[in-house]
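Trainee: I would like to see how this sequence folds:
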Amino acid sequence: MSLVIRNLQRVIPIRRAPLRSKIEIVRRILGVQKFDLGIICVDNKNIQHINRIYRDRNVPTDVLSFPFHEHLKAGEFPQPDFPDDYNLGDIFLGVEYIFHQCKENEDYNDVLTVTATHGLCHLLGFTHGTEAEWQQKEKAVLDELGRRTGTRLQPLTRGLFGGS
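Mentor: Residues are numbered from 1 along each chain as shown. Below you'll find the predicted structure:
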């Protein structure tokens, strides 16, 4: 099914083609390529607004995930009854926040991919309450993505479990 990436901000340039390519690989690794997925890139003002409305936190963040299937257990796949239910949900990336959090030696586009992968794990039922299991799954996915693309992607160590 489809992967839609929308860039609704003009603060930080987004290279959608490489992000799309890597997220398509992540979807195949996770076995969810038959599900629709939306990734929306927003600036600090908009991610803060969404964070305030849905999480009662009036601060910008790196990623917010909104699952279509809300009660999945970690690692379960949705079992849609209807064609329109083949949807994982939407991931909002706070690209301005992510850009400013990048360290000097980090590639912004790689960090964007890792953050989107983190958000996708949320859509599959992984929560901060299952953090050890989540970190293991996220690392396995990033290792496989790195093997397939010839890059070395590391899970983020700062603030990764403070958003979404």
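Trainee: in the chain, what spans have low per-residue confidence?
Mentor: Flagging of the chain using pLDDT under 70 yields the residue ranges 129-131, 134, 156-164.
Trainee: repeat that for 50
Mentor: 158-164 (pLDDT under 50).
Trainee: need the helices for the protein, in chain order.
Mentor: Counting by DSSP state H, the chain has helices at residues 16-30, 44-55, 95-101, 108-123, 131-149.
Trainee: how many neighbours does T117 have?
Mentor: T117 has 25 neighbours, counted by other CB atoms under 10 Å. The way it works is simple: take the backbone N, C-alpha and C, and place the C-beta from them, glycine included.
Trainee: Contacts only, for it.
Mentor: 23, 26, 138, 141-142, 145 (CB atoms under 8 Å, 6 or more residues apart in numbering).
Trainee: again, but for V59
Mentor: Residues counted as contacts of V59 (CB under 8 Å, 6+ apart) are 48, 51.
Trainee: before we move on, the earlier item: among the contacts of T117, which two are most distant?
Mentor: Spanning the widest gap among the contacts of T117 are I23 and E138, at 13.9 Å by CB to CB.
Trainee: nearest to P80, of the helices of the chain?
Mentor: The closest of the helices of the chain to P80 is helix 108-123. By CB to CB, the value is 13.7 Å.
Trainee: Nothing else from me, thank you.
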